[in-house]
Structure formats: structure tokens, C-alpha cells
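Asks: Attaching a predicted model along with its sequence, questions to come.
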Amino acid sequence: MATRPYGVLGRTLKHSYTPAIYRDLADMDYVRFEREPEQLEEFLRGDEWEGVNVTIPYKRAVMPYLDELAEAAERLGNVNTIVRLADGRLRGDNTDYFGFKFLVESLGIDVAGTTALVLGGSGGAGTTARTVLSDMGVRAITVGRSAEVTYDDLDAYRDVELIVNCTPVGMYPNCPASPLDLERFGNLSAVIDIVYNPARTGIMMQAERLGIATAGGLLMLVAQAAQAVERYTGAHIDDARIVEVTERLSASTQNIALIGMPGSGKTRVGQNLARMLGREHVDADAAFAERTGRSCAEFITTSGEQAFRQEETACLRELGARSGLVISCGGGVVTRPENYELLHENSRIIMLDRPLGELSSAGRPISARDGVQKLADQRMGLYRAWADLIVKSRDCAERTAEAVIDELGLAH
Ligand SMILES: Nc1ncnc2c1ncn2[C@@H]1O[C@H](COP(=O)(O)OP(=O)(O)O)[C@@H](O)[C@H]1O
Ligand SMILES: O=C(O)C1=C[C@@H](OP(=O)(O)O)[C@@H](O)[C@H](O)C1
Ligand SMILES: [Mg+2]
């Protein structure tokens, strides 16, 4: 057994999911090796590590210090895994190839003979994607601002079956955003995005709306890590385990967003949920008050509902992009269609379904103005349509929180 640690080498790694992935995949402790460019040589020639995953911006920069390259690294011209061989020599490998192939295969589509647009295809990730796709029999076309095919030339490619995003457009914190409008493509079978935060990027959400299959980058991230572990330890990690670890990571990194009628328990159940799961709780109404210096009720009474809704959306844009939170929404979040994607991009949306007769209007100017029944007529259909999961209210907020945890399949 190696006594030196494994780790991930990069420049800023604070938000890296990699240590969590290794812990879950292989019960391995994984060190974040944050180094500046001028420290690279010393790090690579030193012996404080046993093996490393390499991330941007060093996937090419490490190459001069390696003694040999695996075929994938040679072909792609970059290295994401370095293994220390028994004789001390360093071998550079590239497991992103496997990771991306795993992602494409997860769609369950026979891609051979199809054509794909690879957005950002000339960058490092784009090269990996193009190489994998070509090996799978796909005609991969690089699209980029200075590539042979630019975003202005796409009318000639309306019939492509696949679009792959390898640009950072849509990545946290500038989200939701999409590099491309899918409307003009009439023959798409899938959209792949290698971005993994948020869980659903702008282009993926548009694809969902159009009924097109999607795959996000988290599975690739876990699959490349799994093959790196195989390279370090020689132990095989099977496909089902890669999927299982991805699902767990996806569940823990996405927010849990509670929606439902005013008084249904979003705030109180959210507090309990966060406590039970060890997560941070954010009440959207409290965040609103902090941002504007006025409570929701006060804001609505003095500035009107429309101004309130505008601020509420601005608040939600920031909140919905974050990770791992329990978010208690305001009851009126469903009144603006644009709020849906702000939640859906990185949250599982849970509707709390509490009998109307139990709902109080106290301190709620909109409930008081319209009455619970009228609000329910306007909103219940929307709550149901937005929800990934509908949980019936139990006899107290704590028990409802337990039910949410059980129905989400989370441990507490
Ligand atoms: N079964 C239950 N589930 C949720 N809340 C309940 C339940 N029974 C009573 N309550 C009470 O109802 C109120 C719900 O209010 P709140 O959480 O502010 O709702 P919302 O945020 O959805 O408007 C709280 O005072 C809570 O203690
Ligand atoms: O139903 C609504 O339109 C509102 C519900 C409130 O949140 P709760 O549902 O938590 O009471 C709050 O966002 C605001 O007063 C408007
Ligand atoms: Mg509330």
C-alpha cells in the first residue's frame, strides 16, 4: 500500500468535487495540490505524492516532466492522470477519453454514422470530445468563434443529430446560459454538455423542453476519476459503481427547493430538512428581506406585487445557482415562468402538499387579498407541474421533513 497521498493538481481547487468523488469511489483520501505555474517543476520532480489527477491549467504544462505517455495522452496531447511507476518513473495518462466515452454511451443511442457539432471543439476538452466521437464513427465538426465553422455558419448544419458543448458557457456562476439556440435544429437526438455545475445548463434545459435527450458532465467527471483510480491501484471499478457515485454526488450537490401554497410549511419544513441533512438553509423570503432591507409583506404593501416579483426573481437567480442548499421558496415563485429554470438548473423541486383548510393567511398580504381558494385555483397546477416530487404534509413539519428525506432516497 502506498504511503504517499494521491491528489489533484491544479491552480485553484477550493470547489473541486474530486476529493469527494475519490472518497466515495475508493475510500481514498485525496489531497488538493494547489500550485502556481512556477512551482510545477519542483512539485513534479518531488516525491510528496503517489499519483495525481491533473486539471486545468496544467494538462499540457506537466508533459515535459513525464518519462512516458499512455496512448490516450499521446493522441490527445494532454495529460490528466500521472502515475508513479514501481521504478519511480512518471507515466502520463488521459482518462478524460474514457470519461467522455462513458458519457456518450450513457445516452444509449447508436451514434455511429451521425454528425455532431462540437462547440469549443478546438480547446482541450473539445479535442477529447472530437477524438472520442471520431473513434465512435461520428463526424465531429468543430464550432468556434475562430474555427472553420463559426456560430454564423450553422444553417448548413441544421440536420445534425448531436450537439456537444465543450465551452464554459453555462458554467457556474454565470448561469443559466446557453451557447446556442437549438430551435433551428430539427433532427437532434441528444445534447451533451461537459459542464457539471450546474446540473442542468441552459442548453440542456432547452433540449429538455424540446424533448431531446441530454447528458451533463458530472458522469464524465466521475468516470474519468474511476479510471484514474484504476490506473493508480490496478483495482477495477465497474460501470454500475460509476453511475451510483454520480447519482449520490448529484443528489448532494443539487439544492432541494421547496415550493407550495403559502402556509404549506416551506419555511418550517426547510429548517428541519437542513438540520437533519447538515445542509445550509436559505429561506428565499428572508434572503429577499436581506437584499432589499424590507420584508416581503412590507415590500408588497408599499411597492406592489409586480415590483416584488421582479426583485424575487433577481434573488432567485443568485440562490438557484448555488449548490447543496435547502431553499424554501416564497409561495408565489410559480407565478413567473422564468423562475422555473432558475430553480430547475441546480435543484430538485419538491412540492409540499398541505390541505387548504390548514393554511393560514396571517402576515401574507397576497393570501389575505386573494383568499386561499383563489390562489389555489391559480397555482396548484403550476406547483404540480414544476415539482420533481410531491410530498404530502404529515402531522408536523418535522415529520414532513423526514418524509421528504425518505422519498428523495437520502440518508439522515
Ligand atoms: N404538518 C405541518 N407541516 C408544516 N407546517 C406545519 C404543519 N403543522 C403545522 N405547521 C405550522 O404551519 C406553519 C407553516 O408556515 P411556514 O413554514 O412559514 O409556511 P410557508 O413557508 O410555506 O408559507 C408553521 O407555523 C408550522 O409550524
Ligand atoms: O404567495 C405569495 O405570493 C407570497 C408568499 C410568501 O411566502 P410564503 O409562501 O413562505 O408565505 C412571500 O413570498 C410573499 O409574501 C408572497
Ligand atoms: Mg415561507
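Replies: Nice, I can see it. Numbers count the residues shown, from 1 in each chain. Ligands and ions are numbered 1, 2, ... in the order given.
Asks: Show the contacting residues for the residue in the chain positioned nearest to ligand 1.
Replies: As assessed by Cβ to the nearest ligand atom, ligand 1 sits closest to G265 within the chain, at 2.5 Å. C-beta coordinates here come from the backbone N, C-alpha and C atoms, glycine included. Contacts for G265 (Cβ atoms under 8 Å, 6 or more residues apart in numbering) come out as L352, R354, S393, A397, T400.
Asks: where's the residue of the stretch 201-350 of the chain found nearest ligand 3, which helix or strand?
Replies: Nearest residue of the stretch 201-350 of the chain to ligand 3: T267, at 3.3 Å (Cβ to the ion). Here T267, judged by DSSP states H and E, is contained in helix 266-277.
Asks: Could you do T127 as well?
Replies: Using DSSP H and E, T127 maps to helix 124-135.
Asks: so what secondary structure elements neighbour that helix?
Replies: Here helix 124-135 touches helix 71-76, helix 96-106, strand 115-119, strand 139-143, strand 162-165, going by 3 or more Cβ pairs under 8 Å, 6 or more residues apart in numbering; DSSP states H and E.
Asks: Pull out the buried positions in that helix.
Replies: Buried residues in helix 124-135, counted by 16 or more other Cβ atoms under 10 Å: G124, A125, G126, T127, T128, A129, R130, T131, V132, L133.
Asks: that older thread, counting contacts, what elements does the helix holding T267 pack onto?
Replies: Helix 266-277 packs on strand 255-259, strand 280-283, strand 325-328, helix 397-408, going by 3+ Cβ pairs under 8 Å, 6+ apart.
Asks: For this structure, which residue occupies the most central location?
Replies: Among the residues of the chain, the one closest to the centroid is A199, at 2.3 Å (Cα atoms, centre = their mean).
Asks: Spell out the secondary structure type for that residue.
Replies: For A199, the assignment made with DSSP: H, G, I helix; E, B strand; the rest coil gives coil.
Asks: contacting residues around it?
Replies: So A199 contacts G216, L218, S250, T253, Q254, E345, N346 (Cβ under 8 Å, 6+ apart).
Asks: Please repeat the previous calculation with a cut-off of 7 Å.
Replies: Each residue near A199 by Cβ atoms under 7 Å, 6 or more residues apart in numbering is listed here: G216, L218, S250, Q254, N346.
Asks: care to break this structure down by domain?
Replies: Domains of the chain are assigned by automatic domain parsing as 6-92, 98-216, 255-408.
Asks: And L382, how far from L258?
Replies: From L382 over to L258 the distance is 15 Å, taken as Cβ to Cβ, to the nearest Å.
Asks: Of the two, which one has the most company?
Replies: The residue with more neighbours, out of L382 and L258, is L258; 30 against 16, by other Cβ atoms under 10 Å.
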